[in-house]
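J.: Next input, structure requested:
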Amino acid sequence: GVDVGNIDRLKVWTDGSGAGSDWYLENIKIDIPSLGIKRTFPCEEWFGKDTGDGTLERELYPVLEADKSYKKSTRWELTVYTSDERHAGTDAEVYVNLFGDKGRSGKVVLGKDLKDSDKFFERGSVDVFHPEIPDIGTDLVKLQVGHDGKGRGDGWHCDKIVAKCLDSAGDEISYTFLCGRWLDREEEDGQLHLHVGNSQRSQQR
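T.: Residues are numbered from 1 along each chain as shown. Predicted structure coming up:
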C-alpha cells in the first residue's frame with residue numbers, strides 16, 4: 001500500500017442513500033506500520049438524515065494516549081532474478097531472510113498471496129516484490145534465500161537478488177546479492193537454502 005505517514009485526523013462520510021442507510025459508527029482503528037503505531041479514532045455518533053443531528057460527514061480525531069506502539073516495519077523492494085538455464089525455474093515456495101545492522105527479518109515468503117503467484121520464478125524471469133518487514137536497519141549485511149522443496153520441479157537456479165529499502169531517510173541504497181547456483185537436492189551440495197553476503201552497494205540520489 002501507499003505510505004501516507006502520520007495520520008492525525010480522518011474524514012468519514014456516507015451518501016445517505018438507500019433504505020436503512022442510517023449508520024452508527026463507534027470507532028475506526030488504523031494500523032500505521034511505518035510508525036509502529038495502532039491508533040484509535042472514536043466517533044460514537046450516527047450518520048443519517050433522520051437520526052442524531054442529521055449529519056452525513058464527520059471529522060474524527062485520535063485518542064493519542066490510547067496509541068499502541070510496536071516495532072515499526074519498513075518497506076523493501078526485492079528484485080529476484082532466476083537464471084536463464086534449462087529447468088532453472090521452480091514451483092516451490094521461495095523465501096528470504098534479510099540481515100541488517102539492527103537485526104534480521106525472519107523468513108519472508110515471496111509472492112505467496114499475490115495474483116498469478118504460480119508464474120513467479122520461471123526460467124529467465126525477473127520478479128519484483130514489496131514486503132513490509134520489521135525494522136532491521138537499512139545497512140544490509142547478508143541475505144538468506146531458499147525454498148521449501150515442494151511442488152513439481154522444485155529445484156531452482158537463482159542468479160541474483162537486489163534489495164532496496166523504500167523507507168530510508170536519505171538516498172536510496174541498493175544491495176546486490178549474487179547467488180549463481182542451484183538450490184536443489186539433486187544438484188551441487190543438495191542444499192535448499194544459501195547465505196549470501198552483499199557483493200555490491202549502490203547509492204541513488
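
J.: and Asp118, what are its phi and psi?
T.: The phi/psi pair for Asp118 (degrees, to the nearest 10) reads phi -80, psi 0.

J.: Just list the residues touching it, thanks.
T.: Asp91 (CB atoms under 8 Å, 6 or more residues apart in numbering). (C-beta placed from N, C-alpha, C; glycine too.)

J.: Tell me the confidence at it?
T.: Looking at Asp118, its pLDDT reads 76.

J.: Give the residue farthest from the middle of this structure.
T.: No residue in the chain sits farther from the centre than Asp50, which is 43.1 Å out by CA atoms, centre = their mean.

J.: show me the contacts for it.
T.: Applying CB under 8 Å, 6+ apart to Asp50 gives the contacts Asp22.

J.: From Asp184, how far off is it?
T.: 67 Å (CB to CB, to the nearest Å).

J.: still on that earlier bit, in a strand, the residue farthest from the centre of the chain, correct?
T.: No: counting by DSSP: H, G, I helix; E, B strand; the rest coil, one finds Asp50 to be coil, located in no strand.

J.: and stretch 136-145, C-alpha only, in PDB?
T.: The C-alpha coordinates for stretch 136-145 follow below in PDB (Å, rounded to 0.1, in the frame of the first residue of the first chain):
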ATOM      1  CA  ILE A 136      16.200  -4.300  10.700                       C
ATOM      2  CA  GLY A 137      18.100  -1.100   9.700                       C
ATOM      3  CA  THR A 138      19.000   0.000   6.200                       C
ATOM      4  CA  ASP A 139      22.500  -1.400   6.100                       C
ATOM      5  CA  LEU A 140      22.200  -5.000   4.900                       C
ATOM      6  CA  VAL A 141      24.900  -7.400   5.900                       C
ATOM      7  CA  LYS A 142      23.800 -10.600   4.300                       C
ATOM      8  CA  LEU A 143      20.700 -12.400   2.900                       C
ATOM      9  CA  GLN A 144      19.500 -16.000   3.200                       C
ATOM     10  CA  VAL A 145      17.500 -17.300   0.300                       C
END
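
J.: Which positions within that stretch qualify as buried?
T.: 136, 138, 140, 143-145 (16 or more other CB atoms under 10 Å).

J.: those helices in this protein, which residues are they?
T.: Counting by DSSP state H, no segments of the chain form helices.

J.: From what I see, Arg104 and Asp135 are in contact.
T.: No: taking contacts as CB atoms under 8 Å, Arg104 lies outside contact range of Asp135: 11.3 Å.
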